[in-house]
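Trainee: give the three-dimensional model of this entry:
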Amino acid sequence: MQIKNVAFALLLVSIGCFAQEDTTETKKNYGKIFGGFESTSAYYLDDKILGDFTLNDRFRSNNYLNLNYEYQQFTAGIQVEGYEPNALLNYNPKYKGTELATYYAAYKNNYIEATLGYFYEQFGSGLLLRTWEDRQLGINNSLRGARVVIKPSDNLIFKALYGQQRSGFDVSEGKIFGFDADVSLSAMLGAENFDYSFGLSYVGRNEPTTLLNPAFDETTNAFSGRFNLGYNTFYFSTEYNYKAKDVVLKNNTLTNDFVKEGSAILVNFGYTQKSLGIDVSLRRIENFSILSERLPETVDIENTSLNYNDMILNYTPALTKQHHSNLANIYVFQAQNRVSYDATDIMKAGETGGQIDVFYSFKKGTKLGGKYGKKVALNLASWYNLPGSYSFYPSNYEVEFFGVGKKYFSDYNFELKKKLSEKLHGGFTYINQYYNKRWLEGSQSTKPVKTNIFATEMTYSLSDKQSIRVEGEHLWTKEDKKNWAGATVEYSLNQNLSFYVWDIYNYGNDDAKKQIHYYNTGGAYRFKATRIALNYGRQRGGLVCVGGVCRFVPESTGFTLSLNTSF
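Mentor: Below you'll find the predicted structure:
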């Protein structure tokens with residue numbers, strides 16, 4: 001392990017030195033090298049309130065070195081990843097050690113693009129297929145194989161791919177192949193105010209099974225169709241996805257007794273102009289989790305690979321508002337795209353629901369806008385189980401297409417932002433949430449959590465480069481851990497240097513020992529393409545979410561140092 005660390009450090013130093021050289025002549029004659037390095041390291045401490053750190057390796061570090069070489073129409077690259085001496089808490093256990101993680105070689109011109117090695121791809125909205133990387137969530141589900149994109153014209157795009165999905169430093173057993181086509185009719189017809197396009201997709205997964213006389217095919221086929229329509233300030237799009245019969249997991253086992261088809265439909269429409277915007281998203285998902293291996297790997301007594309977003313082919317983010325308030329992210333919703341039979345009274349087949357966003361800007365100089373104007377935003381989101389009849393034993397369900405079943409979650413919020421003077425900006429937010437903890441977490445509590453959250457913030461500009469931001473927030477609830485209070489202060493010394501301190505306090509907890517302050521303080525320095533940040537504090541246990549996809553993190557206390565640079 002020490003040899004790996006030394007080799008990795010020497011590689012980083014050599015790259016850093018090379019990146020500082022004048023490469024103008026190199027770029028001109030021999031192409032160019034570009035890439036980046038990202039590192040997040042933590043040192044975990046004992047805490048009198050949270051308890052001692054009992055795991056191995058108090059110091060842990062996640063490191064990513066990305067190198068690419070480009071010459072004319074050819075590009076090649078590698079990514080080396082190091083998790084030394086171990087990955088940050090609750091990352092996928094497969095991320096361990098330092099190894100070459102991904103590599104690729106690609107050719108691209110105006111009409112064709114071909115890639116060998118690891119690649120990322122998305123068909124349509126991603127409900128059928130999306131591979132991507134998010135290091136904060138510990139996700140890199142790229143495909144290793146071959147991908148071809150053909151563009152006969154600006155109005156036609158065809159894609160074909162074949163590969164195996166990345167899982168840690170290895171790949172899945174399942175073989176993935178797919179085809180996608182996008183056609184823009186409005187561009188072909190030369191319509192100026194009219195936009196119409198449609199697309200078709202196919203994804204197949206081939207994985208042999210050891211089950212005798214399986215009631216499903218070794219190759220699972222999934223199809224998708226979509227179209228987009230726009231006229232001036234109006235737009236409408238829809239997408240329908242279908243998955244052929246496949247095993248439905250119960251207690252993480254494969255069986256012929258529970259085999260179902262799956263489907264997902266997404267509808268989005270809205271209206272937008274200079275001062276008003278309305279957006280509506282509706283989605284219905286039934287048994288539509290697409291994995292590169294049918295059976296998730298068992299990690300420990302509580303977790304499988306699904307808990308680490310491992311070997312998941314499709315993308316189903318939660319369609320709810322992504323709040324920046326700390327307290328509004330205590331009870332967060334995760335999309336329910338799988339069939340789940342957790343207990344005789346918790347039987348789920350998917351989800352149905354949607355959200356609506358309304359934005360309006362009051363003009364300057366009007367009675368409601370005042371001297372500087374104001375902006376308001378309303379968001380309403382509600383999500384439910386599919387309505388129908390469910391049987392725990394024998395396991396089965398028959399669901400209805402329309403209507404709603406057991407309520408999972410709702411989030412109704414209103415936001416007001418206003419410039420109060422040349423130097424002072426203010427904002428106010430009210431959030432009402434409903435969180436069915438038993439159905440979403442399997443909690444023994446039968447009472448859903450109902451919250452009311454108020455948050456207000458002020459930003460004052462001390463100069464063109466200096467500013468200070470203050471935020472206060474409060475959460476009221478009679479359920480679960482009861483009331484919370486929070487506050488944040490951020491100070492930007494200039495464009496490069498900033499500091500912050502924040503705290504959320506669970507003062508309403510019925511257990512006095514759990515009335516805990518989760519505090520955090522730190523700062524960040526940015527110079528050109530490099531950013532360094534250091535912070536110290538307590539991490540509240542719960543979900544960390546990015547774009548509606550989440551990762552669970554345990555409670556901890558310690559220092560965190562992050563470095564991000566590109567060249």
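Trainee: C-alpha from now on. contacts and neighbour counts both.
Mentor: Fine.
Trainee: all strands of the stretch 251-400 of the chain, in order?
Mentor: 259-272, 276-286, 340-343, 346-348, 350-362, 374-384, 388-391, 396-399 (DSSP state E, counting those that start in this stretch).
Trainee: for L416, find the nearest of those.
Mentor: strand 374-384 (4.5 Å; CA to CA).
Trainee: please state the offset of the closest one from the chain centre?
Mentor: Distance of strand 374-384 from the chain centroid (CA atoms, centre = their mean, to the nearest Å) equals 20 Å.
Trainee: buried set for stretch 73-83?
Mentor: 74-83 (16 or more other CA atoms under 10 Å).
Trainee: could I get the strands of the stretch 251-400 of the chain in a markdown table, plus columns for mean neighbour count?
Mentor: Putting the strands of the stretch 251-400 of the chain into a markdown table (neighbours: other CA atoms under 10 Å) gives the following:
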| stretch | mean neighbour count |
| --- | --- |
| strand 259-272 | 19 |
| strand 276-286 | 20 |
| strand 340-343 | 16 |
| strand 346-348 | 21 |
| strand 350-362 | 21 |
| strand 374-384 | 20 |
| strand 388-391 | 14 |
| strand 396-399 | 16 |
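Trainee: for L440, what are phi and psi?
Mentor: Main-chain torsions, L440, degrees, to the nearest 10: phi -100, psi -30.
Trainee: apart from its chain neighbours, what residue comes closest to it?
Mentor: Leaving aside its chain neighbours, L440 sits nearest to Y408 (6.9 Å; criterion: CA to CA, 6 or more residues apart in numbering).
Trainee: give me the element the one you found is part of.
Mentor: strand 407-419 (DSSP states H and E).
Trainee: quick one on the thing from earlier: check contacts around the residue nearest to L440.
Mentor: For Y408, the contacting residues are 382-385, 434-436, 439-440, by CA atoms under 8 Å, 6 or more residues apart in numbering.
Trainee: again with Y107
Mentor: Applying CA under 8 Å, 6+ apart, the residues contacting Y107 are 73-75, 113-115.
Trainee: what's the pLDDT at it?
Mentor: With respect to pLDDT, Y107 scores 98.
Trainee: assign it to helix, strand or coil.
Mentor: Per DSSP: H, G, I helix; E, B strand; the rest coil, the secondary structure class of Y107 is strand.
Trainee: which strand residues bridge the residue lying closest to it once chain neighbours are set aside?
Mentor: In this structure, Y107 finds its nearest non-sequential neighbour in F74, 4.6 Å apart by CA to CA, 6+ apart. For F74, the beta-bridge partners under DSSP bridges are Y71, Y107.
Trainee: what does the one 5 residues further on give?
Mentor: Q79 has the following beta-bridge partners by DSSP bridges: N66, T102.
Trainee: try G36
Mentor: N66, S566.
Trainee: I'd assumed L67 was in contact with it.
Mentor: Yes: using CA atoms under 8 Å, G36 is in contact with L67, at 6.8 Å.
Trainee: least trustworthy helix or strand in this structure by mean pLDDT?
Mentor: Ranking every helix and strand in the chain by mean pLDDT, DSSP states H and E puts helix 2-20 at the bottom, with a mean of 46.
Trainee: in TSV: the contacts of Y408, plus distance to S325 and pLDDT.
Mentor: Shown next, in TSV, are those (distance: CA to CA, whole Å; pLDDT from 0 to 100):
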residue	distance to S325	pLDDT
S382	19	98
W383	21	98
Y384	24	98
N385	27	98
Y434	17	98
Y435	17	97
N436	20	96
W439	24	95
L440	21	94
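Trainee: quick check: of those, which lies closest to T316?
Mentor: Nearest member of those to T316, counting by CA to CA, is W383, at 13.6 Å.
Trainee: tell me which residues touch the closest one, please.
Mentor: W383 touches 351-354, 407-410, counting by CA under 8 Å, 6+ apart.
Trainee: one more time with 6 Å
Mentor: 352-353, 408-409 (CA atoms under 6 Å, 6 or more residues apart in numbering).
Trainee: just A114 next, same as before
Mentor: With CA under 6 Å, 6+ apart, A114 has these contacts: 106-107, 147-148.
Trainee: so the residue nearest to G354 when sequence neighbours are not counted bridges to which residues?
Mentor: In this structure, G354 finds its nearest non-sequential neighbour in L282, 4.2 Å apart by CA to CA, 6+ apart. Taking DSSP bridges as the rule, L282 bridges to V267, G354.
Trainee: and L282, how far is that from A318?
Mentor: Note on L282: its distance to A318, by CA to CA, to the nearest Å, is 11 Å.
Trainee: go on, Y71?
Mentor: Distance from Y71 to A318, by CA to CA: 40 Å.
Trainee: neighbour count: those two, which is higher?
Mentor: Taking other CA atoms under 10 Å, Y71 and A318 do not tie; A318 has more neighbours (20 against 15).
Trainee: so where's the stretch 51-200 of the chain uncertain?
Mentor: Within the stretch 51-200 of the chain, not a single segment meets pLDDT under 70.
Trainee: do that again at 90, thanks
Mentor: Judged by pLDDT under 90, the stretch 51-200 of the chain has its weakly predicted residues at 154, 185-194.
Trainee: same check, this time on the stretch 451-567 of the chain
Mentor: 464-465, 542-548, 551.
Trainee: could you pull out the strands for it?
Mentor: Using DSSP E, counting those that start in this stretch, strands in the stretch 451-567 of the chain cover 467-476, 484-492, 497-505, 517-527, 530-539, 542-546, 549-553, 556-566.
Trainee: between those strands, which one is nearest to T219?
Mentor: strand 549-553 (27.6 Å).
Trainee: run through who's touching the closest one.
Mentor: Taking CA under 6 Å, 6+ apart as the rule, strand 549-553 contacts 137, 317, 541-544.
Trainee: what's the farthest-apart pair in the residues you listed?
Mentor: P317 and G541 (21.0 Å).
Trainee: give me the more crowded residue out of the two.
Mentor: Using other CA under 10 Å, the more surrounded residue of P317 and G541 is P317, with 19 against 13.
Trainee: the more buried one touches V546, doesn't it?
Mentor: No: under the criterion of CA atoms under 6 Å, P317 is not in contact with V546, lying 9.1 Å apart.
Trainee: the residue nearest to L378 when sequence neighbours are not counted: how many residues sit nearby?
Mentor: Spatially, and ignoring its direct neighbours in sequence, L378 is nearest to F414 (4.7 Å; CA to CA, 6+ apart). By other CA under 10 Å, 17 other residues sit near F414.
Trainee: now I453
Mentor: So I453, with other CA under 10 Å, has 21 neighbours.
Trainee: quick check: bridge partners of the closest residue to it other than its chain neighbours?
Mentor: Computed as CA to CA, 6+ apart, the closest residue to I453 that is not its neighbour in sequence is L475, at 4.4 Å. When assigned by DSSP bridges, L475 has beta-bridge partners I453, W484.
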